[in-house]
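> Test case, fold it:
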Amino acid sequence: MKNSSLEPLFLPLSFDIEPIMEQTAGEFNRAELRHALGELKFNAAYDYLRAAARRMALEKGVPATVEQITSFDSIVQRMGEEQGHLLDIHAALMQILTAVYIHNGDTEEALRSAAATLNLLAIEARRKDEPFQLTLGALLYDLSLVHFDKGEFKQAEREIDKSMHIFERLARINPDRYGPAHLMSVNAATQIYRSRERQTAALAHAHEATAAYLTEAAEGVEGAAMRLIESLAQEGRTLAKMSRQREAVQYFTRALKYLGKLQPEFGLQQLELSIDLGEALLELKTTRDKGVHLLNTLLHKATKLNADAQHRRIVDILYNAKHGSTDILAFWHKIFPR
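Predicted coordinates for the structure are as follows:
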């Protein structure tokens, strides 16, 4: 499911962008572009920026697109205090940047960009005007795609629900403009709901398998112990994706206990399971410090095992935990308080 908000069908153009697209096709002065966009209504400016980002990503690649967006955004931010409506352009640029990262399959950068955008929108979380709602609705739609691809269907469901309702309200005011976005969000919601139902069914199946392997292991059936460990680990990972970290911790701990008996020497499988456990511990406030300590310890073990991929994964988890750059839920609650 990769039809991000950059797709032309998502939001029909509100004005003819070709003249300004031609004007900026070659070398152009970014400050002059900022001034030109500052004179436009928000919808027109948003349409241009979104179309230009998509065209550049297809023709020049994502790195060049990211450089152009961030460079132009820095000019917008510097001038934002003088022209307040440029702050809306700033938020829109960040949302479009998130969509560009999704287009490139760069999940972590998309999450970081989305978190920064949510943080900006949370400054005036009670706004109901069109620029704010459009940017928020598109961002939540894109975020749901990211969490869907990560198998985190519960969070994806929350995001697509909010996006769907935002575009439903906007479509009542302007159906030609926002009807397609509403329809695409409804279609995405249907896919997410079905996937979450399948995930719940898979968890129930895994639970039955674990119970069977536990009986077999107790009876001494050959290979049952390893199948039990793999089943416990799979249940833990599924629970973590469902935002049920407390239960996931229990399953990872049980799997590691059995694995330690089966393979006393610490190896790659124990390393991967321990990383899963550390990541789950990080997600719980009461065990966050334990998670950090465990993951720091695992860095040395990964180095000793020459496990480069696992080492990189640990570094990424610790970096995100330290900087809070992908704490989507924290910003979420600022905009949608309980």
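> For residue 146, give me its contacts.
When contacts are counted by Cβ atoms under 8 Å, 6 or more residues apart in numbering, residue 146 touches 102, 107, 110, 111, 114, 156. For the C-beta atoms, the positions are set from N, CA and C on the backbone; glycine is no exception.
> Secondary structure, pLDDT and neighbour count added to those, as CSV?
As requested, these are arranged in CSV below (DSSP: H, G, I helix; E, B strand; the rest coil; pLDDT from 0 to 100; neighbours: other Cβ atoms under 10 Å):
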residue, secondary structure, pLDDT, neighbour count
102, helix, 91, 25
107, helix, 88, 16
110, helix, 91, 25
111, helix, 90, 22
114, helix, 92, 26
156, helix, 91, 26
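> where along the stretch 51-200 of the chain do the strands fall?
Under the criterion DSSP state E, counting those that start in this stretch, the stretch 51-200 of the chain contains no strands.
> that older thread, adding distance to residue 295, write the contacts of residue 146 out as CSV.
Putting the contacts of residue 146 into CSV (distance: Cβ to Cβ, whole Å) gives the following:
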residue, distance to residue 295
102, 27
107, 20
110, 23
111, 19
114, 24
156, 26
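> from those residues, which is closest to residue 292?
Residue 292 lies nearest to residue 111 out of those, by Cβ to Cβ, at 19.6 Å.
> distance of that closest one from residue 233?
Using Cβ to Cβ, to the nearest Å, one gets 24 Å for the distance from residue 111 to residue 233.
> Likewise for residue 107?
When Cβ to Cβ is the yardstick, residue 107 and residue 233 sit 22 Å from each other.
> List the contacts of stretch 246-264.
217, 225-226, 228-229, 232-233, 235-237, 239-240, 269-270, 273-274, 276-277, 280-281, 284, 287.
> Pull out the buried members of the residues you listed.
With neighbours counted by 16 or more other Cβ atoms under 10 Å, these contain buried members at 217, 225-226, 228-229, 232-233, 235-237, 239-240, 269-270, 273-274, 276-277, 280-281, 287.
> Can you pick out the ones from those residues that are in helices?
Helix and strand membership here follows DSSP state H; of these, those in helices are 217, 225-226, 228-229, 232-233, 235-237, 239-240, 269-270, 273-274, 276-277, 280-281.
> what's the distance between residue 39 and residue 306?
Residue 39 sits 58 Å away from residue 306, going by Cβ to Cβ.
> same thing with residue 263?
Counting by Cβ to Cβ, the gap from residue 263 to residue 306 is 18 Å.
> who has more neighbours, the two?
Set residue 263 next to residue 306 and count neighbours by other Cβ atoms under 10 Å: residue 263 wins out with 13 against 9.
> Could you check how far the more buried one is from residue 154?
Noted for residue 263: a distance of 33 Å to residue 154, by Cβ to Cβ.
> what is the mean pLDDT for stretch 158-178?
Per-region confidence: stretch 158-178 scores 93 on mean pLDDT.
> Report the buried residues of that stretch.
Under the neighbour-count criterion of 16+ other Cβ under 10 Å, stretch 158-178 has 158-164, 166-168, 170-171, 177-178 buried.
> what's the farthest-apart pair in the residues you listed?
Using Cβ to Cβ, the two most remote members of those are 158 and 177, lying 25.1 Å apart.
> okay, now residue 272: neighbour count?
Neighbours around residue 272, by other Cβ under 10 Å: 17.
> do the same with residue 285
Residue 285: 7 surrounding residues under other Cβ under 10 Å.
> give me phi/psi at it?
Summarising the backbone geometry of residue 285 under the convention degrees, to the nearest 10, its torsions are phi -60, psi -40.
> which residues touch it?
When contacts are taken as Cβ under 8 Å, 6+ apart, residue 285 is in contact with no other residue.
> Ok, residue 62 next?
When contacts are counted by Cβ under 8 Å, 6+ apart, residue 62 is found next to 100, 101, 103, 104, 106.
> Between these, which sits nearest residue 119?
Distances from the contacts of residue 62 to residue 119 were compared by Cβ to Cβ; the smallest belongs to residue 101, at 16.5 Å.
> What's the per-residue pLDDT of that closest one here?
So residue 101 comes in at 92 (pLDDT).
> how many neighbours does it have?
The burial metric for residue 101, expressed as a neighbour count using other Cβ under 10 Å, is 23.
> Do a quick rundown of the helices in the stretch 101-250 of the chain.
Chain-ordered helices for the stretch 101-250 of the chain, with DSSP state H, counting those that start in this stretch as the definition, fall at 107-121, 130-149, 153-173, 175-218, 224-241, 245-262.
> how about these, which one is nearest residue 55?
helix 130-149 (17.7 Å).
> Domain ranges for this structure, per the record?
In the assignment given by automatic domain parsing, the structural domains of the chain cover 8-197, 222-323.
> shaky segments in the stretch 1-150 of the chain?
Across the stretch 1-150 of the chain, the ranges flagged by pLDDT under 70 are 1-2, 23-38, 75-85.
> residues touching the closest residue to residue 274 other than its chain neighbours, list them.
With Cβ to Cβ, 6 or more residues apart in numbering as the criterion, residue 274 has its nearest non-adjacent residue at 5.6 Å, and that residue is residue 298. For residue 298, the contact set (Cβ under 8 Å, 6+ apart) comprises 271, 274, 275, 278, 310, 314.
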